[in-house]
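Asker: only geometry, no sequence info:
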């Protein structure tokens, strides 16, 4: 548990005591596998926080700023009949705990002229509207209905829900949200209204959604009531399977038992537990017998502590994948102390020596990660565990790490493979779709 989480728990404790109220209604239990975030009696597990205010405060002063919100939190949030009630004002109700991949269930009802939202990983938001014309917000898509990722960029998938499913005022609405990396699916009143869309990082449009963050219940101008607030943290294996879905349109290029269809440094690799593994203290490029131009490759990989390997993209069959091929996409344990001072173009997912990457999205060492790479023309996109960590065009790169030449960067086709660097990194469930 982080020091920040501990301090926030200390902040929430007196709030919970101050607002404790014995419920006169039975609180429904969570579904199997879920944990209740609201006990129906007090605000244990929650504190007040408005991230739009605290983001303006220097990082070293942020904890004190959050502490200053707690008096207003006690004033504007109450518990009535097993319901969490906000009067439309004050800081947002915020979970003490931060969450990554989750299923999240919650119900709400609100009043005319109010709108609100759910912040996931500390980021706005799953929108809640007054959808009536007299609500005055049709010009900003309130007529489309609640449940969309309203802060996404115009025209992006999920910004607005696929259907208007809001119930009349006075009735309870329900959300069932699944978030895997930045990929977000929203079932609103039993209708899938957002399907596996990327939720953008409102705070930094150039970066992916944070890997973890709190859940905020927004306050916004009118009373809103919440109940049946449940969460289930999704383990890595399940998240990987859900992110992958089915492999329709993809062709498996590894049979899990031998190196049929592969060539190159075959003697330096082995098949173990259905995975391709670089032998310790060995390396070289193991690559497909078939060449690829534009393609999408999806795979799972597992890093040992300090592990180092790479994906060879449009490799010519000889030479160094990072320089003689279009690129090597780094596969690396970013957390290893020996790598703490690398160039930004050397960390996991980077186009080695060419394009830097967003860090912090690997699963813990020893867990399987899911990665999907799209190569189209001179562009590359890397999505790791549901978050896009690299999106770039190698043809536009003019500054290279160490000023080293990359003669292969403009190749239009080549082999796909693994560029081993002496560590037993594992790869499995490898499939390609030609574009």
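Answerer: Perfect, I can see it now. Computed from a predicted structure; not experimentally measured.
Asker: what is the neighbour count of residue 347?
Answerer: Using other Cβ atoms under 10 Å, the number of residues around residue 347 comes to 21. Using the backbone N, CA and C atoms, a C-beta is placed for each residue, glycine as well.
Asker: got a list of what it touches?
Answerer: By Cβ atoms under 8 Å, 6 or more residues apart in numbering, the contact list for residue 347 reads 330, 332, 334, 339, 356, 357, 359.
Asker: repeat the analysis, applying 7 Å as the threshold.
Answerer: The contact partners of residue 347, taken as Cβ atoms under 7 Å, 6 or more residues apart in numbering, are 330, 332, 334, 357, 359.
Asker: do residue 264 as well
Answerer: By Cβ under 7 Å, 6+ apart, the neighbours of residue 264 are 284, 285, 286, 287, 417.
Asker: and for residue 371?
Answerer: 299, 301, 382, 383, 384.
Asker: for the residues you listed, which one is nearest residue 141?
Answerer: Distance ranking of the contacts of residue 371 against residue 141, using Cβ to Cβ, places residue 383 first at 27.1 Å.
Asker: hang on, isn't the closest one packed against residue 369?
Answerer: No. Assessed by Cβ atoms under 7 Å, residue 383 is found out of contact with residue 369, at 11.0 Å.
Asker: from the contacts of residue 347, pick the one nearest residue 432.
Answerer: Using Cβ to Cβ, those come closest to residue 432 at residue 330, 19.6 Å.
Asker: spatially nearest residue to the closest one, not counting backbone neighbours?
Answerer: residue 350 (4.9 Å; Cβ to Cβ, 6 or more residues apart in numbering).
Asker: what separates that neighbour from residue 395, distance-wise?
Answerer: Using Cβ to Cβ, to the nearest Å, residue 350 is found at 17 Å from residue 395.
Asker: what does residue 136 give?
Answerer: Taking Cβ to Cβ, one finds residue 136 at 48 Å from residue 395.
Asker: who's the nearest residue to residue 257 once chain neighbours are set aside bridged to?
Answerer: Spatially, and ignoring its direct neighbours in sequence, residue 257 is nearest to residue 271 (6.2 Å; Cβ to Cβ, 6+ apart). Note on residue 271: beta-bridge partners by DSSP bridges are residue 276.
Asker: what's around residue 271, how many residues?
Answerer: For residue 271, using other Cβ under 10 Å, the count is 15.
Asker: same question, the one 4 residues further on
Answerer: For residue 275, the number of neighbouring residues by other Cβ under 10 Å comes to 21.
Asker: spit out the contact partners of it.
Answerer: Contacts of residue 275 (Cβ under 7 Å, 6+ apart): 426, 427, 428.
Asker: 10 Å - rerun?
Answerer: 254, 256, 299-302, 368, 424-430 (Cβ atoms under 10 Å, 6 or more residues apart in numbering).
Asker: over to residue 175?
Answerer: 104-108, 118, 126, 128, 146-147, 186-189, 193.
Asker: if you set the cut-off to 7 Å instead, what comes out?
Answerer: 105, 106, 118, 126, 186, 188.
Asker: among these, which are in helices?
Answerer: Assigned to helices by DSSP state H, none of the contacts of residue 175 qualify.
Asker: domain map for the protein?
Answerer: With automatic domain parsing as the criterion, the domains of the chain are listed as 3-234, 241-434.
Asker: sorry, back to before: and of the contacts of residue 371, the nearest to residue 412?
Answerer: residue 382 (19.5 Å).
Asker: following element in sequence after the one helix or strand residue 310 maps to, please.
Answerer: For residue 310, the element it lies in under DSSP states H and E is strand 308-315. Using DSSP H and E, the helix or strand that follows strand 308-315 in sequence is helix 321-324.
Asker: quick one, strands of the stretch 1-150 of the chain?
Answerer: For the stretch 1-150 of the chain, strands defined by DSSP state E, counting those that start in this stretch occupy the ranges 35-36, 46-49, 77-80, 83-86, 92-95, 102-110, 116-120, 123-128.
Asker: spatially central residue in this structure, please.
Answerer: Residue closest to the mean C-alpha point of the chain, counted by Cα atoms, centre = their mean, is residue 181 at 1.9 Å.
Asker: residues touching it, list them.
Answerer: 385, 386, 387.
Asker: show me where pLDDT drops low in the stretch 1-150 of the chain?
Answerer: Within the stretch 1-150 of the chain, the stretches with pLDDT under 70 are 1-28.
Asker: whoops, I mixed them up, the stretch 301-435 of the chain
Answerer: Using pLDDT under 70, nothing in the stretch 301-435 of the chain is flagged.
Asker: could you pull out the strands for it?
Answerer: Using DSSP E, counting those that start in this stretch, strands in the stretch 301-435 of the chain cover 308-315, 327-332, 368-376, 379-384, 387-393, 414-421, 426-434.
Asker: make CSV from those strands and add distance to residue 113 to it.
Answerer: What follows is the strands of the stretch 301-435 of the chain, written out as CSV (distance: least, Cβ to Cβ, whole Å):
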stretch, distance to residue 113
strand 308-315, 53
strand 327-332, 50
strand 368-376, 43
strand 379-384, 40
strand 387-393, 36
strand 414-421, 56
strand 426-434, 48
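Asker: those: which one's closest to residue 229?
Answerer: Once the strands of the stretch 301-435 of the chain are compared by Cβ to Cβ, strand 387-393 is nearest, at 25.1 Å.
Asker: the closest one vs strand 368-376, what angle?
Answerer: Using axes from the mean of the first three to the mean of the last three Cα atoms, to 10 degrees, the direction of strand 387-393 lies 20 degrees away from that of strand 368-376.
Asker: sorry, back to before: give me the buried subset of the contacts of residue 371.
Answerer: By neighbour count, with 16 or more other Cβ atoms under 10 Å, the contacts of residue 371 hold 299, 301, 382, 383, 384 as buried.
Asker: any chance of the residues you listed in a markdown table, with distance to residue 97 too?
Answerer: Converted to a markdown table, the buried ones among the contacts of residue 371 look like this (distance: Cβ to Cβ, whole Å):
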| residue | distance to residue 97 |
| --- | --- |
| 299 | 32 |
| 301 | 29 |
| 382 | 29 |
| 383 | 26 |
| 384 | 23 |
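Asker: going by distance to residue 62, which of those wins?
Answerer: Using Cβ to Cβ, the buried ones among the contacts of residue 371 come closest to residue 62 at residue 384, 27.7 Å.
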